[in-house]
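Enquirer: My questions are about this predicted structure, shown below with the sequence.
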2 protein chains.
Amino acid sequence: MSVPSQKHDVFQAIADPTRRQVLKLLGEQELPVTVISGHFPMSRTAVSKHLRILADAGLVKERKVGRETRYRLEAEPLMELKRWLSYYERYWENKLNVLKRFVESDDEEGGNPFSALELIDPKDTNK
Amino acid sequence: MSVPSQKHDVFQAIADPTRRQVLKLLGEQELPVTVISGHFPMSRTAVSKHLRILADAGLVKERKVGRETRYRLEAEPLMELKRWLSYYERYWENKLNVLKRFVESDDEEGGNPFSALELIDPKDTNK
DNA sequence: TTGACATGAAACCATTTGGTTTCGTATAAT
DNA sequence: ATTATACGAAACCAAATGGTTTCATGTCAA
């Protein structure tokens, strides 16, 4: 199959802050486990497990070089996230448009943009 | 406080598939808990807990209407995700980066460019 | 050859997570 | 006034998660 059966998906993989930091580190350059774990207040083994989860999600690739295993970022699976996100973009673009129209308009009687943006809890004004 | 102290962050909130489905449902329209839970093979209480987590992350807002609590999508916190993602976009936006990184590397120990280029699946060109 | 280094696997542990059932309370309907 | 509906809180539970320490193996260096 072209689609590897992933034990961990991208959403779950990036849920952990440590793993997001690891990805960022690997964005700079390919690195072996020991160097990576040097950046974290936990054991090398713990970092190694995070790397396994990232690898399961396809977000890092390993390469053996002598006695070390170097990991590098593989950003492609993040496209799934991007696609997912794009569905919701209209929701906040909508809100930005509301604000934009207010700012560009001279009409002060068209209502308060903040209530339109739902930044004000309706319950505050109703009860 | 204008900034809600979030017990759950966005990354963790969207890690669960059920919660992502809930968000999608609420994208259509504001809905009460019972209706939402009707779409899932679990108890209303379980869904209610998912809604609490989404609310903690700021992704849904509640509104009391009579004896029901209606939930609606609040997409704005997803902007944090978008910002995070944007950092990684350069990695897939230009597929030549793969080759570029090889050319710029001083790696003496192997890692030929062809194996690196296998990362690009020819069948992916339609995606 | 011997010793040091790099790493993953395994066993273990505490906490978190995702679910359940039960119960109390507020609101709506008869 | 009584009953039914909508909901969250609480107590509970199994499994997953994120960490640890220990051990075995492969590789490099002296």
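Expert: Structure's in. What do you need? Numbers count the residues shown, from 1 in each chain, chains lettered A, B, ... in the order given.
Enquirer: Could you report the neighbour count for the residue nearest to residue A:33 when sequence neighbours are not counted?
Expert: Using C-beta to C-beta, 6 or more residues apart in numbering or on different chains and skipping the chain neighbours, the partner closest in space to residue A:33 is residue A:48 (5.5 Å). Every C-beta, even on glycine, is put in place using the N, C-alpha and C of the backbone. Neighbours of residue A:48 under the rule other C-beta atoms under 10 Å in any protein chain shown: 15.
Enquirer: Name the SS class of residue A:48, please.
Expert: Residue A:48 carries the three-state label helix when classified by DSSP: H, G, I helix; E, B strand; the rest coil.
Enquirer: could you dump stretch A:70-90 to PDB, C-alpha only?
Expert: Output of stretch A:70-90 as PDB, limited to C-alpha atoms (Å, rounded to 0.1, in the frame of the first residue of the first chain):
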ATOM      1  CA  ARG A  70      20.100  10.300  12.700                       C
ATOM      2  CA  TYR A  71      16.600  11.700  12.500                       C
ATOM      3  CA  ARG A  72      15.300  14.300  10.200                       C
ATOM      4  CA  LEU A  73      12.000  16.100   9.700                       C
ATOM      5  CA  GLU A  74       9.500  14.800   7.200                       C
ATOM      6  CA  ALA A  75       7.000  17.600   6.900                       C
ATOM      7  CA  GLU A  76       4.800  16.100   4.300                       C
ATOM      8  CA  PRO A  77       2.200  14.400   6.600                       C
ATOM      9  CA  LEU A  78       1.500  17.900   8.000                       C
ATOM     10  CA  MET A  79      -0.400  18.500   4.800                       C
ATOM     11  CA  GLU A  80      -3.200  16.500   6.300                       C
ATOM     12  CA  LEU A  81      -3.400  19.000   9.100                       C
ATOM     13  CA  LYS A  82      -3.400  21.800   6.600                       C
ATOM     14  CA  ARG A  83      -6.300  20.300   4.700                       C
ATOM     15  CA  TRP A  84      -8.200  19.900   7.900                       C
ATOM     16  CA  LEU A  85      -7.500  23.400   9.000                       C
ATOM     17  CA  SER A  86      -8.500  24.900   5.700                       C
ATOM     18  CA  TYR A  87     -12.100  23.800   6.300                       C
ATOM     19  CA  TYR A  88     -12.200  26.100   9.300                       C
ATOM     20  CA  GLU A  89     -10.400  29.100   7.800                       C
ATOM     21  CA  ARG A  90     -13.600  30.600   6.600                       C
END
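Enquirer: Look up the pLDDT of the residue of chain A found nearest DNA strand D for me, please.
Expert: Closest contact between chain A and DNA strand D, by C-beta to the nearest atom of the strand, is at residue A:66 (2.5 Å). pLDDT for residue A:66: 95.
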